[in-house]
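A.B. asks: Need coordinates for the below:
(chains A and B)
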Amino acid sequence: MKIAIIGNGIAGSTAALTIRKWSNHEVVMISNETEYPYSRTALMYIYMGHLKYNHTKLYEDAFWNKNKIQRIFASVLKIDTINKTLHLTNNQAIDFDKLIIATGSKSNKFGWPGQDLKGVQGLYNIQDLKLMDESSKNLKHAVIVGGGLIGIEMAEMFHSRKIPVTYLVREDDFWNHVLPDEESDMINKEIRDHHVDLRLMTELKEIIGDEKGHVQAVVTSKGERIACQFVGLTVGVSPNIDIAKEINIDKNRGLLVNEFLQTSDKNIYAIGDCVELRSPTPGRKATEPMWYTSKLMGEVVGKNICGKITEYQPGIWYNSAKFFDIEYQVYGDIPNKTMPHIESIFWRHPDRNHSIRINYHRLDKNVMGFNLLGIRYRHTVCEKWIKEKTHIENVLQNLSLANFDPEFFPEYEGKLIKEYNALNNSSIHLQSTRKLSLVQNFLHA
Amino acid sequence: MKNDLGIHIDPSMSPAYLSLNLTVKQKLAIGLLSTGLLIQFIYWLSFSGDHATQWFIASIVLAITGASWYIYDTYRNEPWGIKNNLNWFSSLTNRGVWAWVLAVFLTGFYVLLYWYPALLGLGDPENKGLVKLFDPLSKVLNGNKASQWFMYGTIYTLIILIMGIKFIFKYRHNRYQIYRTLSVMFFQTIIAFLLPEILQSFHLPYNDFKNIWPLNYYFFFDWHIDEMIQAGTFGYFILFWGILSFLVITPILTYFWGKRWYCSWVCGCGGLAETAGDPFRHLSDKSTKAWKWEKYIIYSVLGFAVIMTLAVLATRFIGNSNVFFFSSYDLSKWYGFFIGAAFSGVIGVGFYPLMGSRVWCRFGCPMAAYLGILQKKKSKFRITTNGGQCISCGNCSTYCEMGIDVKAYAQRGEDIVRASCVGCGICSAVCPRGVLRLENGE
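C.D. replies: Numbering: from 1, shown residues only, chains lettered A, B, ... in the order given. Prediction:
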């Protein structure tokens, strides 16, 4: 059997590796971005001089041939679903038995005047990064629009090259449609501590160009004009389904797939950012443009193609990010606003950027989610507590098991317990340490 | 010049972000540091040898003040966090012109130190030049004029102290890094530098108690054993301690904590690599090819050290210098030349700016090889990965000074158990998703 994969992001390359793990099927991966799969999430570090492009490759170049995963560096012109053939820009035609579409997403643009001027761009792929680097050469001032993860990464990138940034965020706190108020507030401060001119509750109205078609200023919703030579549009992404426009499969915003990640054509699967799930798990979105879900989809589709029928079940929600110098980890359900059925305990370091939040059910008292800033928690331990609906007091007593900070780091679990005791008139105390053997006993119990 | 992604790194283009933009204070600090170093340089060239005490104090005080001030002013107002910006763009840390200048200077210095110490001023009965500058301190500590090794030891210690302070400032958000650095600063200053000098002033044999065979390759040499036996009880204690360190202490500590207890907490070579070598750690080669070479070379050196030592001991007991078809005398001489001097010194430190800070520790050190076998086969130490949080970014592998492709394990959620890992903890520190943790437990 021959499997063609369009796209070599984390979804596509994980699919290729999974198929190789379970079968000897012929695998060919087509990409117009790079010849070898690399980590898109590392783009910022290339710009900042932490890494070179080579360091961001998932594996050494020789790895792919050794594992008989063929790579073609070209674009797909046309998918012929009847003859099961791909026509490529390099005039090649690739036959396939099964096709996996993993074309990722596109940066959003919301029809702003001037959004296609030179110097205006999003940041999604390596071509965007090169463009951004070119634009940075004589850059005096940059404006970034959109309070999300890419926007703050862009701000950090410019900061590393000492380029002044004005950052327009629509919400009244950074990423406040995801983070609770207290955490958002910490990130606001972190952004400003890095000398970024953060403008909250401010939207982009218009981008103004000069006679050469290059951006020279933006006008904000508050009527202010800000001179700049670069505008970063980081207002989210949408599924990139251009390639599938012509073919007869069900689509909405993304390519519609069932729980086996199969499209309406049984020989075509779709995974990653370009997907829209027909029936997502309750509480989850139909399109989740994320590294972790894409990787998982790659594994699931690989197994399904190799006859190991597996449903896509994303499990307990988790995510992580880094906001300048503050690491962020989340496990489980952490809504940004208070909910009647959820009780939340929160501790924050008085001077440093560390905070812990644990949510639990108001009546049943079972733990529902963990939100960490500047502190590392163990994924497996938190997941097990959430899955098993562990009582909050049981979790608090054993909270050290979750701590994943390096040795000698101060442990703040006791502080959080104090918050809980004060609110509940209880006298819980820590009964465990973060010793690995204890963690393993817990996980295997 | 463009790098592999077409990002311009040509200094002649001098993008604004590459210019240093020093503050007045930083300029003054660099001025002090340079004056201190210039005094040493002129003193070396002039070969006059007058007023050594005054010039020594002046140069050291100026250099330390300047360096500390610069470090303080650079990091004082920086927020806590990882400081790797522009590493792959700057000439010194990306094998540019300045890196080559530094590499030539360092290798040149080691060549003079090992084979032409007279050019540094070593003389009989009187020192001249650079070595003479260190006479006063040597006389205070052990009563004799300086040797080139005393001069080297002093400079080595000062560099570990100054660059250690820099490292602590840089990683002041990370207690593991702070404690580890204080530890190597302590072992270098007290155990490796001061204690042996003080022993000598009490007419006891010179000994660095943390320098363990086979790193200390002359431990079983005739002259060394004789010297210890002549020194009486204390000499016997040194021999006993040396054997105990190798046979008992090392395996036990490595069982509980991995080889890091030595390589990144105690050892002098490690101490220099972790402090002065830190700006170059990302230059180590991560390819599987380099890993292959590493295994061939380091275990060959270990084999060489063992055979050489056995031959030397055999000669001592059977009295015949021809063992294993070789002259044990020649064998030890070759080892001293190729491994002891050329590999550990000239290449080991001289190549910092080109191949990273752990060339010797990774490819050459027989002690690291021994510790590595223990770590791989009989140790609780490992680096664990945090569930599915890895984003394959590559920071861990890039900043691994030992050239371990940490990411290859982390992205598959596997524990990292590698003979070469010195447990510096930088992979865990630079991970932007909190994926890696150094652990002592199964």
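A.B. asks: Dead centre of chain A: give me the residue that sits there.
C.D. replies: residue A:290 (3.7 Å; CA atoms, centre = their mean).
A.B. asks: On the strand side of things, show who the residue nearest to that one when sequence neighbours are not counted bridges to.
C.D. replies: Nearest residue to residue A:290, sequence neighbours excluded (CB to CB, 6 or more residues apart in numbering or on different chains): residue A:319, at 6.7 Å. No exception for glycine: its C-beta is placed from N, CA and C like everyone else's. With DSSP bridges as the criterion, residue A:319 is bridged to residue A:330.
A.B. asks: got a list of what residue A:319 touches?
C.D. replies: Contact partners of residue A:319, counting by CB atoms under 8 Å, 6 or more residues apart in numbering or on different chains, are A:290, A:292, A:329, A:330.
A.B. asks: any chance of the residues you listed in a markdown table, plus pLDDT?
C.D. replies: Shown next, in a markdown table, are the contacts of residue A:319 (pLDDT from 0 to 100):
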| residue | pLDDT |
| --- | --- |
| A:290 | 95 |
| A:292 | 96 |
| A:329 | 98 |
| A:330 | 98 |
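A.B. asks: from these, which is closest to residue B:229?
C.D. replies: Within the contacts of residue A:319, distances to residue B:229 taken as CB to CB reach their minimum at residue A:329, with 60.2 Å.
A.B. asks: and the gap between residue A:223 and residue A:229?
C.D. replies: 21 Å (CB to CB, to the nearest Å).
A.B. asks: Give me the mean pLDDT for stretch A:67-80.
C.D. replies: For stretch A:67-80, mean pLDDT is 97.
A.B. asks: Can you mark which positions in it are buried?
C.D. replies: A:69, A:70, A:71, A:72, A:73, A:76, A:79 (16 or more other CB atoms under 10 Å in any protein chain shown).
A.B. asks: Pairing partners for the helix or strand hosting the fourth one, with directions?
C.D. replies: In the assignment (DSSP states H and E), residue A:72 maps to strand A:69-73. Looking at strand A:69-73 with DSSP bridges, its paired strands and their directions are strand A:26-31 (parallel).
A.B. asks: Show me which residues of the stretch 201-350 of chain A are close to chain B?
C.D. replies: A:291, A:292, A:295, A:296, A:318, A:320, A:321, A:322, A:324, A:325, A:327, A:329 (CB under 8 Å from any CB of the partner chain).
A.B. asks: For burial, what's the neighbour tally of the residue of the stretch 151-300 of chain B found nearest chain A?
C.D. replies: Here the residue of the stretch 151-300 of chain B nearest chain A is residue B:175; by CB to the nearest CB that distance is 4.0 Å. Residue B:175 has 15 neighbours, counted by other CB atoms under 10 Å in any protein chain shown.
A.B. asks: Residue B:111: what's it in contact with?
C.D. replies: Residue B:111 neighbours (CB under 8 Å, 6+ apart): residue B:346.
A.B. asks: rewinding a little: how distant is the strand holding residue A:72 from the center of its chain?
C.D. replies: Distance of strand A:69-73 from the chain centroid (CA atoms, centre = their mean, to the nearest Å) equals 25 Å.
A.B. asks: same deal with stretch B:379-386?
C.D. replies: 25 Å.
A.B. asks: What of stretch B:417-424?
C.D. replies: 16 Å.
A.B. asks: Give me the contact list for that stretch.
C.D. replies: Taking CB under 8 Å, 6+ apart as the rule, stretch B:417-424 contacts B:180, B:257-260, B:263-264, B:270, B:274, B:294, B:358, B:361-362, B:368-369, B:372-373, B:375-376, B:381-383, B:401-404, B:438.
A.B. asks: give me the subset of those residues touching chain A.
C.D. replies: residue B:438.
A.B. asks: Please narrow the contacts of stretch B:417-424 to those residing in helices.
C.D. replies: B:180, B:257, B:260, B:263, B:270, B:274, B:294, B:368-369, B:372-373, B:375-376 (DSSP state H).
A.B. asks: Switch those residues over to CSV; also include pLDDT.
C.D. replies: Compiled in CSV, these are given as follows (pLDDT from 0 to 100):
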residue, pLDDT
B:180, 98
B:257, 97
B:260, 98
B:263, 98
B:270, 97
B:274, 97
B:294, 98
B:368, 98
B:369, 98
B:372, 98
B:373, 98
B:375, 98
B:376, 97
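A.B. asks: And those, which of them are buried?
C.D. replies: Buried among the ones in helices among the contacts of stretch B:417-424 (16+ other CB under 10 Å): B:180, B:257, B:260, B:263, B:270, B:274, B:294, B:368-369, B:372-373, B:375-376.
A.B. asks: thinking again about what came up before, and which of the ones in helices among the contacts of stretch B:417-424 is nearest residue A:142?
C.D. replies: residue B:274 (36.8 Å).
A.B. asks: Please report the distance of that closest one from residue B:352.
C.D. replies: Applying CB to CB to residue B:274 and residue B:352 gives a distance of 12 Å.
A.B. asks: helix/strand/coil for residue B:255?
C.D. replies: Secondary structure assignment for residue B:255 (DSSP: H, G, I helix; E, B strand; the rest coil): helix.
A.B. asks: repeat for residue A:46
C.D. replies: helix.
A.B. asks: Which per-residue confidence value corresponds to it?
C.D. replies: For residue A:46, the model assigns a pLDDT of 96.
A.B. asks: Would you agree it is in contact with residue A:52?
C.D. replies: Yes: the pair residue A:46 and residue A:52 passes the contact test of CB atoms under 8 Å, sitting 6.6 Å apart.
A.B. asks: neighbour count winner among residue A:223 and residue A:229?
C.D. replies: residue A:229 (21 against 7).
A.B. asks: count of neighbours near residue B:250?
C.D. replies: Neighbours of residue B:250 (other CB under 10 Å): 20.
A.B. asks: in terms of contact count, name the helices or strands touching the host helix or strand of it.
C.D. replies: Counting by DSSP H and E, the element that carries residue B:250 is helix B:250-257. On a contact count with 3 or more CB pairs under 8 Å, 6 or more residues apart in numbering or on different chains; DSSP states H and E, helix B:250-257 meets helix B:260-263, helix B:366-377, strand B:381-385.
A.B. asks: Out of the contacts of residue A:319, who's the most crowded?
C.D. replies: Neighbour-wise, the contacts of residue A:319 (other CB under 10 Å) top out at residue A:329, 26 neighbours.
A.B. asks: Quick check: the residue of the stretch 151-300 of chain B closest to chain A vs residue B:286, distance?
C.D. replies: Counting by CB to CB, the gap from residue B:175 to residue B:286 is 28 Å.
A.B. asks: what about the host helix or strand of residue B:226, distance to the chain center?
C.D. replies: Here residue B:226, judged by DSSP H and E, is contained in helix B:222-230. In this view, helix B:222-230 has its centroid 28 Å away from the chain centroid, taken as CA atoms, centre = their mean.
A.B. asks: Also stretch A:389-396?
C.D. replies: On CA atoms, centre = their mean, the centre of stretch A:389-396 falls 29 Å from that of its chain.
A.B. asks: Please identify the buried residues of it?
C.D. replies: Across stretch A:389-396, burial judged by 16+ other CB under 10 Å covers A:390, A:391, A:392, A:393, A:394, A:395, A:396.
A.B. asks: Is residue B:219 in contact with residue B:242, as I believe?
C.D. replies: Yes: using CB under 8 Å, residue B:219 is in contact with residue B:242, at 5.4 Å.
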